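**Student:** Predicted model, plus sequence, below.
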Amino acid sequence: MSFDVPEDKRYLESHEWTSTDDETVRVGITDFAQDELGDVVFVELPSVGDTVTAGETFGVVESIKAVSDLYSPVTGEVVAVNEALFDEPELVNDDPFGDGWMLEVDADDPTGHDALLSPDAYAAQIE
Amino acid sequence: MSRMPPLHTVHDDRGAKFTDFGGWEMPVSFDSIREEHAAVREHAGIFDVSHMSEIDVSGPDAIELTQRLTTNDVTRLEPGNSQYACITTEEGIILDDTIVYRLADRDGEPLVRFVPNAGHDQQMYDRWVDHRDEWNLDATVENVTDEWAMFAVQGPEAEGLMTTAADPSAADLSWTEFESFEIAGVRCLVSRTGYTGEDGFEVLCPASDAEPVWSALDCQPCGLGARDTLRTEMGYLLSGQDFDPDEEPRTPLEANIEFTVALDTDFVGRDAIAAQKDAGIDERFTGLMLEERGVPRHGYEVTDTDGESIGHLTSGTMSPTLGEPIGLGYLDAGVEAGETVHVRVRGKPKEATVTTPPFITD
C-alpha cells in the first residue's frame, strides 16, 4: 500500500505535516497516520491565541479504536483552528493534507520549519 | 511468537490490518470499522474468530466436571444446545466467560465442548484436568483449539446466507441451538449464537478445510474492531477488559450477568456468589452516553456532579450506529439510569447520562 507524501510539505517522525506561506505554518496529520488510525471520530485542538511548543503535544486525535497525541512541529501562537473538524472529524480521513488540516501557527522561528523531515526522508520512514 | 488463524494469508491478501489479541495475530479491520459495523447492522458480515479456544470434555463424568467448574446448569442442556456461563474462582471472581455446547454422545458417553476466550485454552485445559484429578472424576479433557477454525456470520441477512451455504433447515435453529451441516462439502458445527446483537450463526470447521467454508459464506469480511464496537453497543462484556481476575476482578453479579448463575447447582465460586447475592453488591456494570464531544475509554474515572468518584469505565467508543459516544463500566449500585454524571477525560469532567445497555434496540 502506498501513501501520499506531498512534495510541498515537511514532516515529523510522529506523522504530522507542515506547510508554510512564510506568514504562518499550517499543521495536520499525514495520509499514513490517518490510515493507521482508521475512522477518526474526535479531534481535540487548542484555541486561537494559545501557544504551542515544538516537540510537545498540542492536541489529541481519536479514531474508533485508538487515542493518539498530536505533536507540534513548531513553537508559536495559534492563529487559526480548523473548527470544521469538530463536526466532521472524518475530514481527517478524507483529505488529510487539505480540508483535514488542524492548526495555523504564527511560528517564532520560521526557519525551524526547514529542519523538519523532507518528503523523501518521511517517505523512507513509512516504507 | 504469535499464533496465527488458519486463514491468516487469505486475510492478508484481502488487505486486512492485523492486531495482537490474546496472543493471536488477528484481523482488526478489512476495509473500515465503520463500513464493517454498518454491514452487520444492515446486511451481514463474517468474522474470523479462530482465536477462540475449544476444549472437549468427554466420558462418564464429563457433565459433572463441567457442571462443577461453570456457573450455569449444564445438566439442563440437551445434545444440540448451548449455554452462556462463567468460570469463577472459589471467591466468585470471573476467570473467563464461555459458551458450553452439549454435543451428541461419543461412544455412548456424554461430550461437551466449551469455548473460552483467546489465549485461555491452556489455562482452562489445566483447570479441568487438575479438578478432574482432585475430584477423582472419569473424564477425558482435550485442548482442540488448533484443530478448529471458527467464523461468525452476523446480521439480518445471515439466515439467508446460511440456508444457502449449509441447509434450508439452518433457519429452524433457535437461539443457542446448533446442528452439524455441510458447507462447501465440509462438515461444520453451526450454532445460532453471536456477539453482535444481530441474528446470526457461529461456525466451527476443521482448520485444514477453513478456506472453502469462509468463501461459501460470502459477505463483508469484518475484523475485531467492528466486533468490539458491535458488542459495546449491546453492552456485552469483553473478557480481559470488562472483567479480568487481575486487573478488574468481578463476580457475575457485579458484571450484571446473574442469568449465567445457577445457584441451585454446585460449582466452584457458588457459595461466595450466594453470599454476595444476600449481602448486595457495591458496584454494577452499566453504561453511559457522553453529552459532550469526546470519547469515553477504558480506565476513565466517573464522578457525580460534585466530583466524588462513583466508578470507572472499562470500555468505550464512538457508537457507529448512533454517532454518539458510549461507555461501559462499573458504577455505584445506587446510581440509576437517567442520572447525570461526569466522565473525566484527560482530567476534564464531561457530562454523561447513565444508560442501561443495550444502547440500540430494534
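**Tutor:** In hand now; what should we look at?
**Student:** Do stretch B:40-50 and chain A come into contact?
**Tutor:** No. For stretch B:40-50, no contact with chain A is found by CB under 8 Å from any CB of the partner chain; the gap never falls below 14.2 Å. Heads up, the C-betas are built off the backbone N, CA and C, glycines and all.
**Student:** Run through who's touching that stretch.
**Tutor:** Contact partners of stretch B:40-50, identified using CB atoms under 8 Å, 6 or more residues apart in numbering or on different chains, comprise B:5-7, B:11, B:24, B:26-27, B:36, B:39, B:148-158, B:160-161, B:196, B:198, B:200, B:202, B:207, B:210, B:214, B:217, B:219-224, B:226-227, B:230, B:321.
**Student:** What ranges does chain B have for its helices?
**Tutor:** B:8-13, B:33-42, B:62-67, B:121-134, B:158-165, B:210-216, B:224-234, B:270-279 (DSSP state H).
**Student:** how far does the first one sit from the chain's center?
**Tutor:** The gap between where helix B:8-13 is centred and where its chain is centred comes out at 24 Å by CA atoms, centre = their mean, to the nearest Å.
**Student:** buried ones in that helix?
**Tutor:** B:8, B:10-11 (16 or more other CB atoms under 10 Å in any protein chain shown).
**Student:** Return the closest of those with respect to chain A.
**Tutor:** Using CB to the nearest CB, residue B:11 comes nearest to chain A of the buried residues of helix B:8-13, at 14.7 Å.
**Student:** Would you check that the closest one makes contact with residue B:221?
**Tutor:** Yes. Here residue B:11 reaches residue B:221: they are 7.4 Å apart, a contact under CB atoms under 8 Å.
**Student:** Need the residues touching each of the two.
**Tutor:** Common contacts of residue B:11 and residue B:221 (CB under 8 Å, 6+ apart): B:27, B:30, B:48.
**Student:** I'd like to know how far the first one sits from chain A.
**Tutor:** Yep, that's residue B:27 we're talking about. Separation of residue B:27 from chain A (CB to the nearest CB, to the nearest Å): 13 Å.
**Student:** so that residue touches residue B:223, yeah?
**Tutor:** Yes. The criterion here is CB under 8 Å, and residue B:27 meets it with residue B:223 at 4.1 Å.
**Student:** residues near the closest residue in space to residue B:272 that isn't next to it in sequence, how many?
**Tutor:** Excluding the flanking residues, the one nearest residue B:272 by CB to CB, 6 or more residues apart in numbering or on different chains is residue B:92, at 3.5 Å. Neighbourhood size, residue B:92 [other CB atoms under 10 Å in any protein chain shown]: 25.
**Student:** Relative to residue B:211, how far out is residue B:92?
**Tutor:** Taking CB to CB, to the nearest Å as the measure, residue B:92 falls 42 Å from residue B:211.
**Student:** again, but for residue B:158
**Tutor:** Noted for residue B:158: a distance of 20 Å to residue B:211, by CB to CB.
**Student:** In terms of packing, which of those two has more residues around it?
**Tutor:** residue B:158 (26 against 16).
**Student:** Give me the spatial nearest neighbour of that one, chain neighbours excluded.
**Tutor:** With CB to CB, 6+ apart as the criterion, residue B:158 has its nearest non-adjacent residue at 4.2 Å, and that residue is residue B:200.
**Student:** Any buried residues in whichever strand or helix holds residue A:121, and which?
**Tutor:** Under the criterion of DSSP states H and E, residue A:121 resides in helix A:119-125. By 16+ other CB under 10 Å, the buried positions in helix A:119-125 come out as A:119, A:122-123.
**Student:** of those residues, closest to residue B:96?
**Tutor:** residue A:122 (43.9 Å; CB to CB).
**Student:** dump the residue contacts of the closest one.
**Tutor:** So residue A:122 contacts A:5, A:11, A:30 (CB under 8 Å, 6+ apart).
**Student:** can I see the domain layout of chain B?
**Tutor:** If you go by automatic domain parsing, the domain ranges for chain B are B:8-50+B:147-234, B:55-143, B:282-355.
**Student:** How about chain B: which residue is closest to chain A?
**Tutor:** Nearest residue of chain B to chain A: residue B:318, at 3.8 Å (CB to the nearest CB).
**Student:** Distance of that residue relative to residue B:155?
**Tutor:** Distance from residue B:318 to residue B:155, counting by CB to CB: 21 Å.
**Student:** hmm, back to that, only C-alpha atoms, please: export the helix holding residue A:121 in PDB.
**Tutor:** C-alpha atoms of helix A:119-125 as PDB (Å, rounded to 0.1, in the frame of the first residue of the first chain):
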ATOM      1  CA  PRO A 119       9.200  14.300   1.800                       C
ATOM      2  CA  ASP A 120      11.900  11.800   0.700                       C
ATOM      3  CA  ALA A 121      13.000  11.200   4.300                       C
ATOM      4  CA  TYR A 122       9.500  10.800   5.600                       C
ATOM      5  CA  ALA A 123       8.500   8.500   2.700                       C
ATOM      6  CA  ALA A 124      11.500   6.300   3.600                       C
ATOM      7  CA  GLN A 125      10.400   6.200   7.200                       C
END
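**Student:** tell me the contacts of the residue nearest to the spatial centre of chain A?
**Tutor:** Taking CA atoms, centre = their mean, the centroid of chain A lies closest to residue A:28, which sits 2.0 Å from it. Neighbouring residues of residue A:28 by CB under 8 Å, 6+ apart: A:16-17, A:92, A:96-97, A:100-102.
**Student:** Relative to its centre, which residue of chain B is most distant?
**Tutor:** residue B:306 (35.8 Å).
**Student:** Quick check: the gap between that residue and residue B:6.
**Tutor:** 54 Å.
**Student:** low-confidence ranges in the chain?
**Tutor:** This is for chain A. Residue ranges of chain A with pLDDT under 70: A:1, A:110-111, A:113-114.
**Student:** my bad, chain B
**Tutor:** Applying pLDDT under 70 to chain B picks out residues B:362.
**Student:** hey, what's residue A:104 bridged with?
**Tutor:** Listed by DSSP bridges, the beta-bridge partners for residue A:104 are residue A:26, residue A:80.
**Student:** I figured it hits residue A:79, correct?
**Tutor:** Yes. Under the criterion of CB under 8 Å, residue A:104 makes contact with residue A:79 at 5.2 Å.
**Student:** Now for these two: what residues contact both?
**Tutor:** In contact with both residue A:104 and residue A:79: residue A:24, using CB under 8 Å, 6+ apart.
**Student:** neighbour count winner among these two?
**Tutor:** Counted by other CB under 10 Å, residue A:104 and residue A:79 do not tie: residue A:104 has more neighbours, with 22 against 15.
**Student:** need the contact list for the closest residue in space to residue B:311 that isn't next to it in sequence.
**Tutor:** The shortest distance from residue B:311 to any non-neighbouring residue, by CB to CB, 6+ apart, is to residue B:331 (3.8 Å). By CB under 8 Å, 6+ apart, the contact set of residue B:331 is B:283-284, B:286, B:288, B:302, B:310-311, B:341, B:354.
**Student:** the strands in the stretch 251-362 of chain B, which residues?
**Tutor:** Remark: strands assigned in the stretch 251-362 of chain B by DSSP state E, counting those that start in this stretch are B:283-290, B:301-303, B:309-318, B:325-332, B:340-345, B:348-355.
**Student:** Please identify the most buried of these.
**Tutor:** Of all those, strand B:325-332 has the most neighbours on average by mean count of other CB atoms under 10 Å in any protein chain shown, namely a mean of 24.
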